[in-house]
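> Below: sequence and its predicted model.
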Amino acid sequence: MNDDVITIINLNKEYKMFARKKDRLLETVLPWYRRHNLFIAMQGLNLELKKGEVLGILGKNGAR
């Protein structure tokens, strides 16, 4: 019997970083207008949580 409750394989998380709020709006309205840089927050995360285990994730600034 497999006790895995959560299995994550090769999880990636990227954020678009905009220098100005105006650039975010223009990129939303005009599909060809690209004014963002990518911030890679997580790359290639593999994780297995079994029944009864607990996981907490804290960011650099204390965000959860």
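Nice, I can see it. This structure is a prediction, so every number in the text was calculated from the model and none was measured.
> Every contact and neighbour count from this point should use C-alpha atoms.
Will do.
> which residues sit in contact with the closest residue to Phe18 other than its chain neighbours?
Distance criterion CA to CA, 6 or more residues apart in numbering; nearest residue to Phe18, sequence neighbours excluded, is His36 at 4.9 Å. Residues in contact with His36 (CA atoms under 8 Å, 6 or more residues apart in numbering) are 16-19, 23-24.
> Recalculate using a threshold of 6 Å.
By CA atoms under 6 Å, 6 or more residues apart in numbering, the residues touching His36 are 16-18.
> Just name the closest of those residues to Ile8, please.
Distance to Ile8 across those (CA to CA) is lowest for Lys16, with 22.9 Å.
> helix/strand/coil for that closest one?
strand (DSSP: H, G, I helix; E, B strand; the rest coil).
> isn't it right up against Ile40?
No - checked against CA atoms under 6 Å, the pair Lys16 and Ile40 is beyond contact range at 9.0 Å.
> how many other residues sit next to Leu26?
Here the number of neighbours of Leu26 (other CA atoms under 10 Å) works out to 14.
> what's the answer for Leu49, then?
So Leu49, with other CA under 10 Å, has 14 neighbours.
> what does Gly56 give?
For Gly56, using other CA under 10 Å, the count is 5.
> phi, psi of it?
With angles defined as degrees, to the nearest 10, Gly56 sits at phi -120, psi 140.
> how much space between the residue nearest to Phe18 and Leu30?
13 Å (CA to CA, to the nearest Å).
> so what's the residue positioned nearest the centre of the chain bridging to?
Centroid check for the chain by CA atoms, centre = their mean gives Lys13 as the closest residue, at 2.9 Å. Beta-bridge pairing of Lys13 under DSSP bridges involves Met42.
> from memory it sits against Gly44, does it?
No - contact criterion CA under 6 Å: Lys13 and Gly44 do not qualify, at 9.1 Å.
> Can you say which of the contacts of His36 are buried?
Buried members of the contacts of His36, scored by 16 or more other CA atoms under 10 Å, are Phe18.
> Closest one to Glu53 out of the contacts of His36, please.
Looking across the contacts of His36 and measuring by CA to CA, the closest to Glu53 is Lys16, at 32.5 Å.
> ok, the closest one - contacts?
So Lys16 contacts 36-38 (CA under 6 Å, 6+ apart).
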